[in-house]
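A.B. asks: model the following, please.
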Amino acid sequence: MLRALQILSICLLNGNLFSQAPACESVPVLIQTLKLQHLQPPALDDARATRVYEELFFLLDPAQTIFTQADLNELAKSKLANDPANSSCLLLPEISKLYTIRLAEAEKYITDMLKSKITFSNKETAHIDPHTDWPKDKAELEYQWLTTIKHQCLVWMQRNAPASLATLTLKELTPLEEQARSAILKSEQLSFARMKAIAANENNSLNVTFFKAIAHSFDPHTEYFTPELKEKFFNSLDKEGLSFGIEWTEDQLGRIKIARLNPGGAAWKSNELNQGDELLSISWNDGAAKDVLQYDMETLYHDFESTEYKLVSITVKKSDGQVRTVSMAKSKIELTNNAIRSYVLNGTPKVGYIMLPGFYGSDGESTKGCADDVAREILKLKKENIAGLILDLRFNGGGSLLEAINLAGVFIDNGPLALMQEVNQPAVTLKDLNRGTLYSGPLVILINGYSASASELVSAALQDWNRAILVGSKTYGKATGQIILPIDNPALSGFIKVTNERLYRVTGKSLQQKGITPDIELPDAYEVFFQRERNLRNSITPDSIVKKVYYAALPALPLAELKQRSVQRQANAFKEIVAVADLLAKPIPLDPVAYAAYYTRFETDYKPMPSKTYSVSITGFDTNLHAADSYRKIVSDEVLDEISKSRYIEEAFHIIQDYIALTKTK
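C.D. replies: The predicted structure is shown next:
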């Protein structure tokens, strides 16, 4: 395959698809580096090369709105017929050529459609399904475009209509439909401009996409990073990072406006920006100003998060019509997506709640890792005399393995927690080496389909030890570890994140592709959207190992009784969530009257109200802290409202109530 890819690179150069000669030298360097480090390197043959180009198809068209299955079949068929031995190495030039053609066809079809009046029909429907296959042919693809655009228009119209679409006259619907098409057309034009830039290989983007496809052909978590992408990845694992502190939104007329200023951020501290300010232009690093029309929301967020830009000047229109230019530098700000907070559920009994969004590590100096931060929050909660604790790992995609081990050790005495096997090494036991526990009371861990990797290690360890009750839905199923290494070669600069280790439960069983089944399952309205490890292409298959490990699990928990009581409550407590799940599974009507009824059901079926079982407050320690830190108080108040309305947190509270009642009678 190395030879095949060298030939491929020459083809690319001849086809003027790669603008830089080093690209042809880079491919074998990347593959050889991955092969040396990967735990299960694939055979370097044409079958593997074919998988590279399958990955390239998905990277170029992740929404599956450009290519069809017929395109894939025809390319493979022609090459297999003409040159079976080197079929895969000859595909990329034609994929790139076809991508440009199909992109132009899609742009014309969608643009023409949005420039003409849309006729809605009660016979047409759209579907919410993130796991669809490629459209089989052009006719099916065009129908997909048609229904998608109609759905987008109806969403826009319903959100911006003065009343329900079902109550509007044709005279009132007509201008609304025109405004919807105009706003969506602007967004689509920007999207096509971005995709055409990739096709033209601007900023070397096609090269990077191809390198990523090679990495993904090894397994879905093996990655190629440019230096900028590597820095962004590490920033996502940090609780503090450089940020301008602005969140954006797009109004009904397609204008980009400030949705929120993050407390403590550069934009907040400027005292010149406000929610609702309309963005007019942007200048990066004292460069030339770019008109906002050059941006859609995705590109805007990409540039604001880019490590390339440290300074920005934004020109905005205030609500009173004034135009103002504000200059800012990125600054350290606590990132709310990784911030740990503890709260008190003031009921009978009093229960603590901690949400851990990610497993960030320590920098070895001033910044502590998440395990230390959770320990700090537990100490605060213990001063509130809590009788139980809820640790929320929902939507926690993982992070530092060391922090996961340290966190599990907070809840058990010393002992083995998991097994790990690196490339060409025997399995080793991952242990909590610290005697004693910081918290030994009743513990519920909330999990869902986005709980992955380090989250699963902690959850599985505490489940195997009978230390925690797992509540929610089945986890993601990622039981591999990765290491980030530089590529030190004149032909290719950058970094690889390569899968080089397997993780196992302390029993020797793997969670890979299987995930963790919670002790008590709860309905999840958005289960249909969860794409787990087993759904990913090239996912590493699970195995198990035999290794003698001694651990003294705690006495069995009364799970049968707890589950029975929870199921009885769920029939009433989760009926709205079940109704929403049923609605999401049904086709979406593409007629204004029928769509209005569909939309209204979302509004009426699930209107979460604050819990009547308990009130939610911050700890006494944080009360004093908030008095001196208005930024922290604003963020906390937003979370308090969310916690008070969560049916999942309320059910976890009831499970702790039940556990305490059951154990008191034994």
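A.B. asks: strands of the stretch 551-666 of the chain, start to end?
C.D. replies: 588-589, 615-618 (DSSP state E, counting those that start in this stretch).
A.B. asks: low-confidence ranges in the stretch 551-666 of the chain?
C.D. replies: Within the stretch 551-666 of the chain, the ranges that satisfy pLDDT under 70 run 605-606, 628-632, 634-635, 665-666.
A.B. asks: just for the stretch 51-200 of the chain, where's the confidence low?
C.D. replies: 76-92, 130-131, 198-199.
A.B. asks: swap in 50 and give it another go.
C.D. replies: Residue ranges of the stretch 51-200 of the chain with pLDDT under 50: 80-89.
A.B. asks: what about Arg255, distance to Glu107?
C.D. replies: 23 Å (CB to CB, to the nearest Å). Where you see a C-beta, it was placed from the backbone N, CA and C, and this is true even at glycine.
A.B. asks: so the two - more neighbours on which side?
C.D. replies: When neighbours are counted by other CB atoms under 10 Å, Glu107 comes out ahead of the other of Arg255 and Glu107, with 18 against 15.
A.B. asks: the more buried one against Arg194, yeah?
C.D. replies: No: the criterion here is CB atoms under 8 Å, and Glu107 misses it with Arg194 at 11.7 Å.
A.B. asks: please save the CA atoms from stretch 470-482 in CSV.
C.D. replies: Extracted in CSV, the C-alpha atoms of stretch 470-482 (Å, rounded to 0.1, in the frame of the first residue of the first chain):
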residue,chain,number,x,y,z
LEU,A,470,-25.2,3.8,38.0
VAL,A,471,-28.3,5.5,36.6
GLY,A,472,-29.2,6.7,33.1
SER,A,473,-28.6,5.1,29.7
LYS,A,474,-25.9,2.8,28.2
THR,A,475,-22.5,4.6,27.8
TYR,A,476,-20.5,5.2,24.6
GLY,A,477,-18.3,2.1,24.6
LYS,A,478,-14.7,3.5,24.2
ALA,A,479,-12.1,1.4,26.0
THR,A,480,-8.9,2.4,24.2
GLY,A,481,-6.3,5.0,25.0
GLN,A,482,-4.3,7.3,22.8
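A.B. asks: what average pLDDT does it get?
C.D. replies: Mean pLDDT, stretch 470-482: 96.
A.B. asks: so which elements touch the lengthiest helix in the chain?
C.D. replies: Counting by DSSP state H, the longest helix found in the chain is helix 170-199. Helix 170-199 sits against helix 91-114, helix 138-160, helix 205-216, helix 297-305, with contacts defined as 3 or more CB pairs under 8 Å, 6 or more residues apart in numbering; DSSP states H and E.
A.B. asks: by contact count, what packs against the next helix or strand after the shortest one?
C.D. replies: Once the chain leaves helix 297-305, the next helix or strand it forms, by DSSP states H and E, is strand 311-317. Where contact means 3+ CB pairs under 8 Å, 6+ apart, strand 311-317 is packed against strand 278-284, strand 323-329.
A.B. asks: now, of those strands, which is deepest in the fold?
C.D. replies: strand 278-284 (a mean of 18; mean count of other CB atoms under 10 Å).
A.B. asks: contacting residues around it?
C.D. replies: Applying CB atoms under 8 Å, 6 or more residues apart in numbering, the contact partners of strand 278-284 are 248, 255-258, 289-292, 295, 300, 303, 308-309, 311-317, 323.
A.B. asks: okay, that strand in CSV with CA atoms only?
C.D. replies: The C-alpha coordinates for strand 278-284 follow below in CSV (Å, rounded to 0.1, in the frame of the first residue of the first chain):
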residue,chain,number,x,y,z
GLU,A,278,-25.1,43.1,15.7
LEU,A,279,-21.8,42.1,14.2
LEU,A,280,-20.7,44.1,11.1
SER,A,281,-17.0,43.3,10.6
ILE,A,282,-14.0,41.6,12.1
SER,A,283,-10.3,42.4,12.0
TRP,A,284,-7.9,39.7,13.1
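A.B. asks: use 44 as the first number from now on
C.D. replies: Noted, 44 is the first residue going forward, which turns the last one into strand 321-327.
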